[in-house]
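1. Provided below are the primary sequence and the corresponding predicted coordinates.
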Amino acid sequence: MRALFVFTPPESKRFIAKAVSQLPEVTNAKEKESILIGHGSTNVRVAEEILGQCPEPDKFLSGEVINGILCITQAEEKPPMIVVRKGELVPPELTMEETLKDFGAGSVFIKGANAVDPEGNAGVFVAHPSAGTIGFAYGILSARGCQLIVPVGLEKLVPSVKKAAQHLGQDTLYYCMGIKIGMLPIVNAKVITEVEAFGILFGLDAIHIGGGGVNGSEGSVVLVAEGEKKGLDQAIKLIESIKGEAPLRPKKSLCINCLPTSPSTLVSPDEQFAEGETKHCMFRGKKEEELPPFIGKRPD
């Protein structure tokens, strides 16, 4: 039997988050090991599903596509990453190396992505010159064999993460509509899209058949799920319950003084950039009233 479903981006985030929270490695790590949940719009929903809440959800982001450009959140407004050790919320350490000190094969690191391809590779935009959170963590996670889980919606599907990464790099861009980025490709993670979520939650096979939308449904993805009637009925009930999921309402950073700094290092924000190097964004240094008309202003 078959059933067809349409997910807006906020609905996809909630659906994927519900699946991530049910993964055996996540439930085990929550009780017996460690979990780190990085900033990101999908991870807001992941935190809510795993822990029941996310601190300041509209601010629990780092990089963002917002107001029609690539941007970041205001550093001093952003809450810390979420770290859970044997069921207890604990504050992250000052550096990523210290935070991951006790992470082993049973621990879980959850990081969103900006791209996913048909081969199951994920790509993360990096605005920090040292690649930020994932840049500081990826080597440690890969070396130790920690479990890296990447929840990402199919609205971010690209033909090839490898090819995308080969055509990016902060210092290679003559023009960038917003903050300059590179891409860190991730090839050894467990990537969870809507397709995998159907299997995890209901034991159903799913096929991505299309997407798009208008009038608030922009970026939607359309999938057909196949399987037994019981699983389809369960899927219908859950997915109908998350229809109308509200989007987050984050703010962009103030352009006048923004820097894509990282809390994963002890080096001060000013020292994270070479002397005089502030050309990471074409809008840096501008007051809100000086920004081009195509960029919506940051609300008070």
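-> In hand now; what should we look at?

2. Can you pull up the most central residue in this structure?
-> Gly112 (2.6 Å; CA atoms, centre = their mean).

3. so how far is Arg2 from that one?
-> Distance from Gly112 to Arg2, counting by CB to CB, to the nearest Å: 30 Å. (Each C-beta comes from the backbone N, C-alpha and C, glycine too.)

4. same deal with Val195?
-> Taking CB to CB, one finds Val195 at 15 Å from Arg2.

5. Which one's more surrounded, these two?
-> Higher neighbour count among Val195 and Arg2: Val195, with 19 against 11, using other CB atoms under 10 Å.

6. The more buried one sits in which helix or strand?
-> Using DSSP states H and E, Val195 maps to helix 194-202.

7. ok, and what's touching that helix?
-> Applying CB atoms under 8 Å, 6 or more residues apart in numbering, the external contacts of helix 194-202 come out as 7, 12, 15-16, 18-19, 22-23, 153-154, 192, 204-208, 221, 223, 225, 227, 231-232, 234-235, 238.

8. Report the mean confidence score over that helix.
-> Mean pLDDT, helix 194-202: 98.

9. mind checking how far it is from the chain centre?
-> In terms of CA atoms, centre = their mean, to the nearest Å, the centre of helix 194-202 is set 18 Å apart from its chain centre.

10. residues making contact with the helix or strand following that helix?
-> Next in sequence after helix 194-202, counting helices and strands by DSSP H and E, comes strand 205-212. Strand 205-212 has contacts (CB under 8 Å, 6+ apart) with 4, 154-155, 157, 193-195, 198-199, 218-227.

11. Past strand 205-212, which element shows up next along the chain?
-> As assigned by DSSP H and E, the chain's next helix or strand after strand 205-212 is strand 220-226.

12. Now do the buried residues in that following strand.
-> Residues of strand 220-226 classed as buried: 220-225 (neighbour count, 16 or more other CB atoms under 10 Å).

13. What of stretch 129-148?
-> 129, 131-138, 140-141, 146-148.

14. hey, where'd the strands end up in the protein?
-> Along the chain, counting by DSSP state E, strands occupy 2-7, 34-37, 63-66, 69-72, 82-85, 88-90, 108-110, 115-116, 122-126, 147-151, 182-186, 190-192, 205-212, 220-226.

15. any chance of those in CSV, with distance to Leu259 too?
-> Shown next, in CSV, are the strands of the chain (distance: least, CB to CB, whole Å):
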stretch, distance to Leu259
strand 2-7, 35
strand 34-37, 23
strand 63-66, 13
strand 69-72, 9
strand 82-85, 23
strand 88-90, 27
strand 108-110, 25
strand 115-116, 24
strand 122-126, 14
strand 147-151, 26
strand 182-186, 16
strand 190-192, 30
strand 205-212, 35
strand 220-226, 34
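
16. So which of the ones you listed is nearest Lys162?
-> Of all the strands of the chain, it is strand 182-186 that lies closest to Lys162, at 6.2 Å by CB to CB.

17. who touches the closest one?
-> With CB under 8 Å, 6+ apart as the criterion, strand 182-186 contacts 111, 113-115, 121-126, 131, 134-135, 138, 148, 150, 161-162, 164-165, 168-170.

18. do stretch 165-180 as well
-> The contact list for stretch 165-180, computed with CB under 8 Å, 6+ apart, reads 63, 68-72, 123, 126-127, 129, 181-185, 258, 260, 279-283.

19. For the stretch 151-300 of the chain, give me the ranges with low pLDDT.
-> Residue ranges of the stretch 151-300 of the chain with pLDDT under 70: 261-278.

20. Now do the same contact list for the closest residue in space to Gly104 that isn't next to it in sequence.
-> Spatially, and ignoring its direct neighbours in sequence, Gly104 is nearest to Arg144 (6.1 Å; CB to CB, 6 or more residues apart in numbering). Applying CB under 8 Å, 6+ apart, we find Arg144 in contact with 103-105.

21. Can you tell me which of these is closest to Leu36?
-> Lowest distance from Leu36 to the contacts of Arg144 (CB to CB) belongs to Phe103, with 7.6 Å.
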